[in-house]
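S.K.: give me coordinates for this.
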Amino acid sequence: MSTLSERGSASIEFIVASVALLVPLVALTVTTSHVASATFAATAAARHGVRAFTSAESTNVGLERVRAITILVAGDHGVHDATPNWELDCSRRNCLRRGSLVELTVHLDVPLRFIPALPGIDIAPRVTVSRSATARVSLTSVNR
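M.R.: Alright, predicted model coming up:
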């Protein structure tokens, strides 16, 4: 049996190990919550945007409403660095004709903050979140 005295370094080992495990876990949690916020924002923007479009007086006014709502909802959900895009699909040639179905698909291109870019590739990692909503133009709408 050895008579060498042992020095305790368990606390230092615990701190190093916990930091090595905790930092990636926090980064993963923040990234996941950012993507979840973008998903909620895309859902709300599609739902409210299609309702605002179907109640608009003209297509140009409706498109302006969709643009404003998408930016506002994304900001409300804390997704300021996402790039919003949308697609509008109508069941009839005139989107705002009584009874026509309008589908709005909102795409948010969200950067992944804590995931590094690959060497030699200048594009930052991103994920695109897409959500759709459909609404019918009211049969009792005026001037249609």
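S.K.: ok, residue 14 to residue 74 distance?
M.R.: Separation of residue 14 from residue 74 (C-beta to C-beta, to the nearest Å) stands at 41 Å. For the C-beta atoms, the positions are set from N, CA and C on the backbone; glycine is no exception.
S.K.: strands along this protein, start to end?
M.R.: 83-90, 101-111, 126-136 (DSSP state E).
S.K.: more neighbours, residue 14 and residue 74?
M.R.: Neighbour count, other C-beta atoms under 10 Å: between residue 14 and residue 74, residue 74 has more, with 24 against 10.
S.K.: how many neighbours does residue 107 have?
M.R.: By other C-beta under 10 Å, 19 other residues sit near residue 107.
S.K.: phi, psi of the nearest residue to residue 58 once chain neighbours are set aside?
M.R.: Spatially, and ignoring its direct neighbours in sequence, residue 58 is nearest to residue 96 (7.2 Å; C-beta to C-beta, 6 or more residues apart in numbering). Reported as degrees, to the nearest 10, the phi and psi values for residue 96 are phi -100, psi 20.
S.K.: can you map out the helices along this structure?
M.R.: Assignment of helices within the chain using DSSP state H yields the ranges 10-54, 59-76.
S.K.: any chance of those helices in TSV with mean pLDDT and distance to residue 111 as columns?
M.R.: Shown next, in TSV, are the helices of the chain (pLDDT from 0 to 100; distance: least, C-beta to C-beta, whole Å):
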stretch	mean pLDDT	distance to residue 111
helix 10-54	90	9
helix 59-76	93	13
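S.K.: could I get these as CSV with distance to residue 139?
M.R.: Formatted as CSV, the helices of the chain follow (distance: least, C-beta to C-beta, whole Å):
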stretch, distance to residue 139
helix 10-54, 11
helix 59-76, 18
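S.K.: for residue 131, find the nearest of those helices.
M.R.: Nearest to residue 131, of all those, is helix 10-54, at 4.0 Å by C-beta to C-beta.
S.K.: compute the inter-axis angle for that closest one and strand 126-136.
M.R.: Angle, helix 10-54 to strand 126-136, by axes from the mean of the first three to the mean of the last three C-alpha atoms, to 10 degrees: 30 degrees.
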